[in-house]
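*Asks:* Okay, here's the prediction I keep looking at, along with the sequence it came from:
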Amino acid sequence: MFDLVIRNGTIVTAADVTRCDVGIRDGRIVMLGEALPKGKTEVDATGQYVMPGGIDSHVHLSQPSGDGIVMADDFESGTRSALFGGNTTVLPFCLQQKGQSLREALTAYHALAEGRCLTDVSFHLIVTDPTPNVLGQEIPALVEDGYTSLKVFMTYEGLRLRDDQILATLDAARTSGALVMVHCENEDAIRFLIGKHEQAGDLAPKGHASSRPVAAEREATHRALSLAEIVGVPIVIVHVSNREAMEEIDRARKRGALVVGETCPQYLMLTAEDLDGDGWEGAKFVCSPPPRDPESQAACWQGLEQGIFDLFSSDHCPFKFDDPEGKLNERGKKSFRWIPNGIPGVETRLPILFSEGVIKGRIDLSRFVALTSTNHAKLYGLYPRKGTIAVGSDADLALWNPALKRTITNEDLHHGADYTPYEGLEVTGWPETVILRGQVVIDRGKLVAAPGSGSYLRRQRSNLTKAV
Ligand code: DUC
Ligand code: ZN
Ligand code: ZN
């Protein structure tokens, strides 16, 4: 009757913590109950938490990142790393190059993913060139085809949209039911401050943090929220790093706006001081928005505990450190301005939140599952197929040993970067066995799946855009 039965585990969902067996057939959960009949294969989960596989809805893989710079992960290494960290689905970004149609961007990106993935994947679209054709024709057609989320940038010359372009993109999203994610930092303010740093010869990595202050993030967050209110559309504020941006989200919600907030491990675990390491070591921590200070870390924890944040994502955006195509490229060795922005984290996201959040008593098990899996599935149109343990859902599961102590070290990780920003961090709890659509893909720490075992997921509209 069952291809696989998982016995004796503690089942954790965003709603409940219960003891029962999980019966799986044809890749899906078909029964939850006590003393299920024998399956063709059995997994004993005594002492383990059985959780929905992690969904990381914010990762960058094989993304073009500027002249001579190469991202450290492709779809194979990035999804392998994700799997070892307890994830069964990741949502990377497909970047539209200026002059390119969204369809062309997707064709190229699908070709990079085809046959290489070890988790299931689905793409968000980054809109950099919102032409009338993109807005009027492509976005509506692509939403129908299951590409139901877009990201826009307010920073980076070459990527940023002007306010009129953001308004037009939000409006296209409103009429088609796409969900828009926004990177909120004020580009003009940042360029002004970079200029000041350059005049002063202040070019070391720590200048990255001081040229992207909280006020630049707060202002852009306020503006993005206002533009969304004007159009009358929900939005996602991604990678929020500090209290002031959180307060903007809170205020917008109190005015009745539909807003989702996301934060990431770097805003809990790192500070701007990390960018001020010996020599150019600080380049390892250059990401945007930059890590802030201990007060901001505490604020982000509060946001996870109290609900300003519904999403905890990695923003995995890996570059090698000691490499001419990475952080220490020819120009990056001389000025923070040319250090590629982003840090690896897809494999450590879940263990860090479990250890620092659940084990230390800041959040409970169900909140952990909501923040790392269920909310991502609901928001990005994958629920209830993904993100929960229920009859009819895909059998995407992570079996956690909550007592396993590990010290995070790059040697043990599977990403393509040559460092982890969390080197030496001690964590308690790790997902030892991972199951993707009913197949054991990590068996007690050993990879037993091949590239290509992950599938591309066409998505429904978000629960949020359906609500308006
Ligand atoms: N924004 C991201 O979302 N990821 C990495 C770099 C950036 O600016
Ligand atoms: Zn961003
Ligand atoms: Zn990102």
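*Replies:* Noted; the coordinates are in hand. Numbers count the residues shown, from 1 in each chain. Ligands and ions are numbered 1, 2, ... in the order given.

*Asks:* In contact with Thr409, which residues?
*Replies:* Thr420, Glu423, Gly424 (Cβ atoms under 8 Å, 6 or more residues apart in numbering). C-betas here are computed from N, CA, C, even on glycine.

*Asks:* which regions of the stretch 201-350 of the chain lie under the pLDDT threshold?
*Replies:* Within the stretch 201-350 of the chain, no range satisfies pLDDT under 70.

*Asks:* what does it have sitting close to ligand 1?
*Replies:* Applying Cβ under 6 Å from any ligand atom, one finds that the stretch 201-350 of the chain approaches ligand 1 through Val238, His239, Ser288, Asp315, Cys317, Asn341, Gly342.

*Asks:* Count the residues that sit near the second one.
*Replies:* What that stands for is His239. Neighbours of His239 under the rule other Cβ atoms under 10 Å: 25.

*Asks:* i'd like the first residue to be 379 from this point on
*Replies:* Let's use 379 as the start, then, which means that last one is His617.

*Asks:* pretty sure it contacts Pro667?
*Replies:* Yes - here His617 reaches Pro667: they are 6.3 Å apart, a contact under Cβ atoms under 8 Å.

*Asks:* Just the helices from the stretch 679-828 of the chain, written as ranges.
*Replies:* Along the stretch 679-828 of the chain, counting by DSSP state H, counting those that start in this stretch, helices occupy 727-731, 743-747, 753-757.

*Asks:* Counting by contacts, list what the last one packs against.
*Replies:* Helix 753-757 is packed against strand 432-437, strand 465-473, strand 687-690, helix 841-844, with contacts defined by 3 or more Cβ pairs under 8 Å, 6 or more residues apart in numbering; DSSP states H and E.

*Asks:* cool, the second one as well?
*Replies:* Here helix 743-747 touches strand 388-390, strand 427-430, going by 3+ Cβ pairs under 8 Å, 6+ apart.

*Asks:* quick one: buried residues of that helix?
*Replies:* Within helix 743-747, the residues that qualify as buried are Leu743, Ser744, Arg745, Phe746, Val747, counting by 16 or more other Cβ atoms under 10 Å.

*Asks:* and which of those residues is nearest ligand 1?
*Replies:* Nearest to ligand 1 among these is Phe746, at 22.7 Å by Cβ to the nearest ligand atom.

*Asks:* how close does Ser443 sit to ligand 1?
*Replies:* 9 Å (Cβ to the nearest ligand atom, to the nearest Å).

*Asks:* hmm, back to that, among the contacts of Thr787, name the ones in strands.
*Replies:* When these are checked against strands (DSSP state E), there are no matches.

*Asks:* centroid residue for the protein?
*Replies:* For the chain, the residue sitting closest to the mean C-alpha position, by Cα atoms, centre = their mean, is His436 at 2.4 Å.

*Asks:* State the number of residues packed around the nearest residue to that one once chain neighbours are set aside.
*Replies:* Leaving aside its chain neighbours, His436 sits nearest to Ser691 (3.5 Å; criterion: Cβ to Cβ, 6 or more residues apart in numbering). Neighbours of Ser691 under the rule other Cβ under 10 Å: 26.

*Asks:* For Ser691, give me its contacts.
*Replies:* Counted by Cβ under 8 Å, 6+ apart, Ser691 has contacts Asp434, Ser435, His436, Val437, Val616, His617, Glu640, Cys642, Arg727, His754.

*Asks:* Please check those residues and keep the buried ones.
*Replies:* Asp434, Ser435, His436, Val437, Val616, His617, Glu640, Cys642, Arg727, His754.

*Asks:* is the residue of the stretch 479-628 of the chain found nearest ligand 1 in a bridge, and if so with what?
*Replies:* Here the stretch 479-628 of the chain gets closest to ligand 1 at one residue, His561, 5.2 Å apart by Cβ to the nearest ligand atom. Taking DSSP bridges as the rule, His561 bridges to Phe531.

*Asks:* That one is in contact with Ile544, isn't it?
*Replies:* No - assessed by Cβ under 8 Å, His561 is found out of contact with Ile544, at 11.0 Å.

*Asks:* Quickly list what's touching both of these two.
*Replies:* The contact sets of His561 and Ile544 overlap at Val530, Met532 (Cβ under 8 Å, 6+ apart).

*Asks:* which residues of the stretch 379-528 of the chain fall in strands?
*Replies:* Ranges of strands in the stretch 379-528 of the chain, per DSSP state E, counting those that start in this stretch, are 380-385, 388-390, 395-397, 399-403, 406-411, 417-422, 427-430, 432-437, 465-473, 498-499, 502-504, 527-531.

*Asks:* Output those strands as a markdown table; include the columns mean pLDDT.
*Replies:* Listed next are those as a markdown table, based on pLDDT from 0 to 100:
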| stretch | mean pLDDT |
| --- | --- |
| strand 380-385 | 98 |
| strand 388-390 | 98 |
| strand 395-397 | 98 |
| strand 399-403 | 98 |
| strand 406-411 | 98 |
| strand 417-422 | 98 |
| strand 427-430 | 98 |
| strand 432-437 | 98 |
| strand 465-473 | 98 |
| strand 498-499 | 98 |
| strand 502-504 | 98 |
| strand 527-531 | 98 |
